[in-house]
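Visitor: Sequence first, then the predicted structure:
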Amino acid sequence: MRFLYLCVSLFFCLSVNSGCTSSSSLLLPINKTPINKAPINKAHLNTNTSRKITILHTNDHHGRFWVNSDNEYGMAARQTLLNQLRQQAQTQGSTVLLLSGGDINTGVPESDLLKAEPDFKAMSLLGYDAMALGNHEFDNPRAILNKQQQWAHFPLLSANIIDTKSQKPAFQPYALFNKKGLNIAVIGLTTPDTAKIANPKYIADLQFIDPALALKNTVKQIKATQHLDLTIAVTHMGHYADAKHNTNAPGDVTLARNLPAGMLNLIIGGHSQEPVCMKKSVKNRPVDFKAGQACWPDQQNGTWIMQAHEWGKYVGKAELIIEQGKVKLLSYELIPVNLKHRDNNNQATTWVTPYITPDKHLTQFLYPYFEQASEQLKQPIAQIMGTFVGDRNAVRTQQTNLGQLILSAQMQAVNADVGIISSGGIRHSIASGQVLYRDILKVHPFKNRISYIDFSGQALLDYLNHVVKFSPDSGAYPQLRGCDFTLKNGNISQLLINGSPLTLHKSYRLSINSYNAVGGDGYPKLQDHPHYTETQKIDANVLKEYMAQQNQVIQASQYSPQKNQL
């Protein structure tokens with residue numbers, strides 16, 4: 001495998017202007033002070049010369065290195081498209097910068113089982129220049145993130161993640177590039193929500209500070225010694241139209257509005273997983289974008305904001321010209337990567353744009369990874385009738401049958417009276433029919449351990465009164481089983497535990513995963529409670545074993561939610 005990787009790497013570096021010899025190829029030790037190439041002189045030549053640059057970008061990859069079941073997207077087709085776009089740019093006298101808005105981890109079992117090794121290595125072969133650290137880069141222990149940095153021949157950036165001990169950036173905050181005489185700074189930023197949605201065990205030594213403050217300080221530091229033609233923030237913060245971020249941390253629009261006009265030219269974003277396409281004639285109004293249609297990015301306070309949906313479905317392409325110190329956007333588009341139209345039943349039909357033949361060399365490189373993981377994922381688990389609903393738009397706003405199925409499994413595993421899980425820990429639905437191990441890992445990609453705590457009735461009531469206040473449409477919104485109640489003025493009344501009224505001095509056992517128990521998603525911390533126990537049982541395995549035990553077809557209708565009023 002290592003020999004094949006080296007051969008393919010050499011082929012790409014020789015055959016494609018993929019960034020293998022650019023400043024982005026410098027491997028930087030994670031958690032160290034940033035190392036950059038030779039300083040860019042403050043004195044700048046040929047300021048009256050017009051120069052062009054093409055910014056290409058993706059975001060929220062989430063493990064999609066291989067094509068889906070409808071043969072859509074995939075990194076090999078993306079490579080073919082990038083080769084074509086680089087050739088077009090060269091013909092037009094433009095240079096290219098390729099960026100990612102982060103979240104490479106978590107989403108597809110074939111990638112999750114391999115800690116995103118094929119994804120990061122393929123990004124190196126595709127010639128990414130830099131990426132933002134996303135919140136899902138902290139789904140695994142930091143040793144794995146360190147290994148991923150070694151696989152990535154480009155820097156993983158964040159200026160607003162601070163080491164609590166040294167009070168310095170914990171990761172490389174920015175990267176400098178010189179592209180055909182253009183001096184470019186790329187500054188990374190990560191959503192402060194990471195502090196509450198990442199596993200607290202993996203970020204205990206980190207602080208997530210205000211992105212605008214971090215960016216201002218970083219730009220000031222760079223400009224003290226460098227002349228810049230173009231300043232770009234590559235972010236994983238989310239685009240919220242007109243800064244209406246609801247319960248989320250403020251995103252790219254707020255960032256742009258909180259900066260001095262002209263400080264930042266572009267934001268290449270991620271996290272909200274949407275195509276950022278706006279009405280040209282109406283300020284702050286997004287369009288209902290469909291694949292293959294025209295797209296125009298958002299602009300706030302003189303800063304262009306761009307995001308390319310998710311999973312490598314599109315490559316964003318921005319063509320810029322820089323003359324007399326001014327940056328002008330000439331054109332912008334979201335280019336589909338082998339996407340199909342869908343009918344009213346969401347079934348794939350015809351290609352949106354002409355089919356892109358996947359690059360054969362990258363296909364050959366990635367296939368052994370896909371095959372290795374697929375063999376582990378083909379194990380049949382159970383048969384189900386009806387769909388178990390885990391779609392984020394449903395599971396984060398209401399109780400669902402999948403939430404009930406998961407909690408049934410976890411409560412049985414620890415003999416609990418009540419079960420709870422934050423909806424952010426449920427990542428996929430399970431369709432009617434045969435269930436494979438792959439389907440289970442799509443639901444539970446995080447490998448959380450099942451825990452339990454023995455509460456008095458009063459302590460249980462106090463705990464539930466806290467978690468039921470988490471708002472819908474957030475990952476903290478709780479799925480609950482074993483309890484029934486009504487809400488009065490935001491508090492629980494008439495609480496029943498498995499059909500019987502709560503007794504305040506009786507002992508009750510609550511099942512909960514280790515992520516929520518240590519404070520994940522803002523839940524009360526339980527790990528230091530004298531009656532708390534963390535088992536070695538992993539959530540995906542618990543669900544798998546529970547479904548296999550049923551010995552018959554599982555009816556989704558049997559797991560309809562109880563009638564509490566969340």
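Guide: Sure, I can see it.

Visitor: burial count for the nearest residue to Gly302 once chain neighbours are set aside?
Guide: Spatial nearest neighbour of Gly302, excluding adjacent residues (CB to CB, 6 or more residues apart in numbering): Ala261 at 4.7 Å. Every C-beta, even on glycine, is put in place using the N, C-alpha and C of the backbone. Ala261 has 11 neighbours, counted by other CB atoms under 10 Å.

Visitor: Is Ala261 in a helix, a strand, or coil?
Guide: Following DSSP: H, G, I helix; E, B strand; the rest coil, we place Ala261 in the coil state.

Visitor: just Leu145 next, same as before
Guide: helix.

Visitor: what's around it, how many residues?
Guide: 21.

Visitor: so it touches Asp139, yeah?
Guide: No. Assessed by CB atoms under 8 Å, Leu145 is found out of contact with Asp139, at 9.2 Å.

Visitor: Assign Tyr369 to helix, strand or coil.
Guide: helix.

Visitor: Which phi and psi values does the nearest residue to it once chain neighbours are set aside adopt?
Guide: Leaving aside its chain neighbours, Tyr369 sits nearest to Pro118 (3.9 Å; criterion: CB to CB, 6+ apart). Note on Pro118: backbone dihedrals following degrees, to the nearest 10 are phi -60, psi -30.

Visitor: I figured Pro118 hits Leu362, correct?
Guide: No. Pro118 lies out of contact with Leu362 (CB under 8 Å); the separation is 10.1 Å.

Visitor: what about the strands in the stretch 1-150 of the chain?
Guide: Under the criterion DSSP state E, counting those that start in this stretch, the stretch 1-150 of the chain contains strands at 51-58, 94-100, 130-132.

Visitor: rewinding a little: touching both of Pro118 and Leu362, which residues are there?
Guide: The overlap between the contact sets of Pro118 and Leu362 (CB atoms under 8 Å, 6 or more residues apart in numbering) is empty.

Visitor: for stretch 201-209, how far is the first residue from the last?
Guide: Using CA to CA, to the nearest Å, the end-to-end distance of stretch 201-209 comes to 19 Å.

Visitor: List the buried residues for it?
Guide: Neighbour counts over stretch 201-209 (16 or more other CB atoms under 10 Å) mark 202-203, 206, 208 as buried.

Visitor: Stretch 479-491 too?
Guide: Buried residues in stretch 479-491 (16+ other CB under 10 Å): 479-485.

Visitor: can you put the residues you listed in CSV and add secondary structure, distance to Leu82 and pLDDT?
Guide: Shown next, in CSV, are those (DSSP: H, G, I helix; E, B strand; the rest coil; distance: CB to CB, whole Å; pLDDT from 0 to 100):
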residue, secondary structure, distance to Leu82, pLDDT
Gln479, strand, 41, 97
Leu480, strand, 46, 97
Arg481, strand, 47, 96
Gly482, coil, 51, 96
Cys483, strand, 52, 95
Asp484, strand, 54, 94
Phe485, strand, 54, 94
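
Visitor: State the phi and psi torsions of the spatially closest residue to His62 that is not a sequence neighbour.
Guide: With sequence-adjacent residues excluded and distances taken as CB to CB, 6+ apart, His62 is closest to Gly107, at 3.0 Å. Main-chain dihedrals, Gly107, degrees, to the nearest 10: phi 150, psi -40.

Visitor: For Gly107, list the residues it contacts.
Guide: Applying CB under 8 Å, 6+ apart, one finds that Gly107 lies in contact with 62-64, 311, 427, 445.

Visitor: With neighbour count as added columns, please give these in TSV.
Guide: Formatted as TSV, the contacts of Gly107 follow (neighbours: other CB atoms under 10 Å):
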residue	neighbour count
His62	23
Gly63	23
Arg64	24
Trp311	22
Arg427	19
Pro445	25
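
Visitor: Can you check the distance spanned by stretch 68-76, start to finish?
Guide: One end of stretch 68-76 sits 12 Å from the other (CA to CA).

Visitor: Pull out the buried residues from that stretch.
Guide: Of the residues in stretch 68-76, those buried (16+ other CB under 10 Å) are 72-76.

Visitor: Not counting that stretch itself, show me its contacts.
Guide: Residues from elsewhere that reach stretch 68-76, judged by CB under 8 Å, 6+ apart: 64-67, 119, 122-123, 126, 311-313, 337-340, 348, 358-360, 362-363, 366.

Visitor: Verify the stated contact: Gly269 with Leu255.
Guide: No. The criterion here is CB under 8 Å, and Gly269 misses it with Leu255 at 9.2 Å.

Visitor: out of these two, which sits in the more crowded spot?
Guide: Per other CB under 10 Å, whichever of Gly269 and Leu255 has more neighbours is Gly269, with 33 against 25.
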